[in-house]
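Asker: Based on what follows, work out the 3D shape:
(one chain, ligands or ions: 1)
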Amino acid sequence: MNEIIIRGGRPLEGSVRVQGAKNSVLPILAATILHPGQVTLQGCPHLSDVEASIRILRHLGCQVRWEGDELLVDSSSISRWDIPDHLMREMRSSVIFLGAILARLGWAEMSYPGGCELGPRPIDLHLSTLRKLGADLRESGGQMRCTAQHMEGREIALSIPSVGATENAILAACGAEGETVLVNAAREPEIKDLQDFLQAIGCQVRGAGSSTICIRGRCPTHDAVHTVMPDRIVAATYLAAVAAAGGTVELHNVDYRHLSTVTAALHEAGCRISGRDGRITLHASGRMGSAGTIRTAPYPGFPTDAQAILMAALLRGQGTTVFVETIFESRYRHVDELRRMGADISVADRVAVVTGVPKLSGADVRCTDLRGGAALLVAGLAAEGTTRIGGVHHILRGYEEPVRDLKELGAEIAWSEN
Ligand code: EPZ
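Answerer: From the prediction side, this is the model:
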């Protein structure tokens, strides 16, 4: 069941409900450590990255159980502060647990998270921010040993609006005396969702969504229920799928505002899109024009996670689109796989030029990473004939039920019996 088969080349029609956001629930799962009691996460997506986080929480001594799509976490019995290497290596973003463990226990030990398919994933900003709060972090042999018996709130300016460093700083600051002010913080909607969760359990955090976030540490916490926000990149994926194949889709459980740069690009390339009341409707002819120049940027700019997905939507049609990937060093690894389907893409360093072609052909392709894999789903739906996608475990890190969801749009798609 690690392959997906698609017979593409025909229009799609249907509606689909968007799952909860991976990049919101992962920091929220780390944040559950802050409260020595029970929290309920509604709309929690069943993803391999979520299961990896659950394994970490259970290793630390927390009680975690599913009830349908509600995840119940009770961190009152937390007993450890170390994350073993094999758990750290399952998910690069496990470093997000560092701030929360330090805030709750004052100690933390974990291995240095490795790089990933997108290139080196440094954590220097995470560590420098925690040190500014008073944590003592020592690294040797790939291991980090941290003590933070007394963290003191203060003003901290981030050199770049790093999503993970902002989230780690917020969680650590919840354990610091006094007020912490983060300047040049990341503004992604997932950080606002983290703030909503923290406020729900009693923490004093405000300003998320802006570049300045204020946290008053060491507040008493209490049990709470939180609904995870919709996943804007999964929503972008399903819009791109119908843009590529042609047809009409109505998405439910989506915040139009979170996707405005993606819908603007799809509109520029010829799609008709409208959004209101938690829904987005898109209609496409299946022959896309140019989306102009797409430069990825921190929110509210065009999301790097949608770069491969939008690229796949533009492969069939006329017109040329220029992509500039400004966030990650090597985020064009999906290009070679798309070329196997007949895509016309040229890449030079961080720039990719996509020229629409009249037809794509199904091929055997392999996922290179999470969003590169999603791009193969999009391209396979536009390609005539059969596309066999291997390495689907990459996709399952961030997509709960890609086959079910795309079938609801009328796609001829199935798991391979392999
Ligand atoms: C988060 O990663 C997301 N992951 C990524 O989504 C997303 O692509 C990224 O933000 C940008 O939006 C999660 O939320 C789990 P960053 P993160 O720190 O926090 C550099 C997906 O597909 N940097 O904002 O790791 C870094 O190298 C994933 O769902 C430092 O130099 O991203 C990158 O070039 C992929 N030092 C840039 O900042 C640091 O200490 C932005 O990274 C931290 C980051």
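Asker: Enumerate the residues of the stretch 251-400 of the chain near the ligand.
Answerer: Residues of the stretch 251-400 of the chain lying near the ligand by Cβ under 6 Å from any ligand atom: 304-305, 327-328, 370-371, 398. C-beta coordinates here come from the backbone N, C-alpha and C atoms, glycine included.
Asker: Residue 58: which of those is nearest?
Answerer: Nearest to residue 58 among these, counting by Cβ to Cβ, is residue 398 at 21.7 Å.
Asker: so which helix or strand takes in that closest one?
Answerer: Residue 398 belongs to no helix or strand when elements are defined using DSSP states H and E.
Asker: got the contact list for it?
Answerer: For residue 398, the contact set (Cβ atoms under 8 Å, 6 or more residues apart in numbering) comprises 22, 47, 49, 231, 233-234, 370-371, 374.
Asker: Relative to the ligand, how far out is residue 237?
Answerer: 11 Å (Cβ to the nearest ligand atom, to the nearest Å).
Asker: meant to ask about residue 287
Answerer: Going from residue 287 to the ligand by Cβ to the nearest ligand atom gives 28 Å.
Asker: you'd agree that residue is up against residue 316?
Answerer: Yes: contact criterion Cβ atoms under 8 Å: residue 287 and residue 316 qualify, at 6.8 Å.
Asker: Count residues in the vicinity of residue 61, would you?
Answerer: By other Cβ atoms under 10 Å, 13 other residues sit near residue 61.
Asker: surely it meets residue 80?
Answerer: Yes: counting by Cβ under 8 Å, residue 61 does reach residue 80; the two are 5.6 Å apart.
Asker: Determine the three-state secondary structure at residue 146.
Answerer: Counting by DSSP: H, G, I helix; E, B strand; the rest coil, the backbone at residue 146 sits in strand.
Asker: and the residue in the stretch 101-250 of the chain that the ligand sits nearest to, which of the three is it?
Answerer: Relative to the ligand, the nearest point of the stretch 101-250 of the chain is residue 164 (2.8 Å; Cβ to the nearest ligand atom). Using three-state DSSP, the structure places residue 164 in helix.
Asker: Number the residues from 271 up from this point.
Answerer: All set: I'll call the first residue 271, so the last point we hit is now residue 434.
Asker: ok, so what distance separates it from residue 600?
Answerer: Distance, residue 434 to residue 600, using Cβ to Cβ, to the nearest Å: 18 Å.
Asker: Could you check which of those two has the larger neighbour count?
Answerer: When residue 434 and residue 600 are compared for neighbours, residue 434 comes out ahead with 22 against 16, by other Cβ under 10 Å.
Asker: what's the pLDDT at that one?
Answerer: Residue-level confidence at residue 434 comes out at 97, pLDDT.
Asker: if I pick it, what's in contact with it?
Answerer: Residue 434 makes contact with 363, 365-366, 393, 396 under the criterion Cβ under 8 Å, 6+ apart.
Asker: Of those, which is the most crowded?
Answerer: Most surrounded of those: other Cβ under 10 Å gives residue 366, at 27 neighbours.
Asker: Wasn't it part of a helix?
Answerer: Yes: under three-state DSSP, residue 366 falls within a helix.
Asker: Might one say that it is in contact with residue 303?
Answerer: No: the criterion here is Cβ under 8 Å, and residue 366 misses it with residue 303 at 10.7 Å.
Asker: on that earlier part again, spell out which two among the residues of the stretch 521-670 of the chain next to the ligand are the most distant pair, please.
Answerer: 597 and 668, at 16.6 Å, using Cβ to Cβ across these.
Asker: From the ligand, how far off is residue 604?
Answerer: 12 Å.
Asker: Is it correct that that residue is in contact with residue 636?
Answerer: No: Residue 604 is not in contact with residue 636 according to Cβ under 8 Å; the separation is 9.8 Å.
Asker: okay, the two: which has more neighbours?
Answerer: The neighbour comparison of residue 604 against residue 636 (other Cβ under 10 Å) goes to residue 604, with 29 against 18.
Asker: what's the closest non-adjacent residue to the more buried one?
Answerer: residue 642 (3.2 Å; Cβ to Cβ, 6 or more residues apart in numbering).
Asker: I'd like the average pLDDT over the one helix or strand the one you found maps to.
Answerer: Using DSSP H and E, residue 642 falls within helix 640-652. If you average the pLDDT over helix 640-652, you get 98.
Asker: ok, back up a step: show the buried residues in the residues of the stretch 521-670 of the chain next to the ligand.
Answerer: Neighbour counting with 16 or more other Cβ atoms under 10 Å marks 574-575, 597-598, 640-641, 668 as buried within these.
Asker: Overlap of the contact sets of residue 557 and residue 586?
Answerer: With Cβ under 8 Å, 6+ apart as the test, residue 557 and residue 586 both reach residue 626.
Asker: Tell me which of these two has more neighbours.
Answerer: Remark: of residue 557 and residue 586, residue 586 carries more neighbours, 27 against 15, as counted by other Cβ under 10 Å.
Asker: That one and residue 558, how far apart?
Answerer: 7 Å.
Asker: any common contacting residues for these two?
Answerer: Common contacts of residue 586 and residue 558 (Cβ under 8 Å, 6+ apart): 514, 626.
Asker: Residue 349 touches residue 330, doesn't it?
Answerer: Yes: taking contacts as Cβ under 8 Å, residue 349 lies within contact range of residue 330: 7.2 Å.
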